[in-house]
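Undergrad: I would like the atomic coordinates for the input below:
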Amino acid sequence: MSIQASPDSHVAPITPVNPKPFLAGLTGKPILVRLKWGMEYKGYLVSTDNYMNLQLANTEEYQDGESVGSLGEVFIRVRAAEE
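TA: Purely as a prediction, here's the structure:
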């Protein structure tokens, strides 16, 4: 299913993307991960799993757009929504 913008709208059509193949295609590439509380991690995606946890290499941590340090290899665990 795709969502189309109305003819009067200036918004481009949106096509849903399956996140697992999308993430797999980013393996080995530089990515930016932004957490909901504002911290950001820039590094190279090493791997991902079925839960969409991420392993990054050569990672740097950013807060408010400022680098706060080099972390090297990190694992970012995705938590299930608790709503």
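Undergrad: CA only for contacts and neighbour counts going forward, please
TA: Noted.
Undergrad: and Trp37, how far from Asp64?
TA: As judged by CA to CA, to the nearest Å, Trp37 and Asp64 stand 11 Å apart.
Undergrad: please read the previous query as pertaining to Tyr44.
TA: 21 Å.
Undergrad: between the two, tell me which one has more neighbours.
TA: Set Tyr44 next to Asp64 and count neighbours by other CA atoms under 10 Å: Tyr44 wins out with 20 against 9.
Undergrad: relative to Ala12, how far out is the residue nearest to the more buried one when sequence neighbours are not counted?
TA: Closest residue to Tyr44 apart from its sequence neighbours, by CA to CA, 6 or more residues apart in numbering: Pro30 at 4.2 Å. Distance of Pro30 to Ala12, computed by CA to CA: 26 Å.
Undergrad: of those two, who's got more company?
TA: Set Pro30 next to Ala12 and count neighbours by other CA under 10 Å: Pro30 wins out with 15 against 10.
Undergrad: what about Gly38, neighbour count?
TA: Neighbours of Gly38 under the rule other CA under 10 Å: 10.
Undergrad: ok, it - contacts?
TA: Gln63, Asp64 (CA atoms under 8 Å, 6 or more residues apart in numbering).
Undergrad: redo that, cut-off 7 Å
TA: Gln63 (CA atoms under 7 Å, 6 or more residues apart in numbering).
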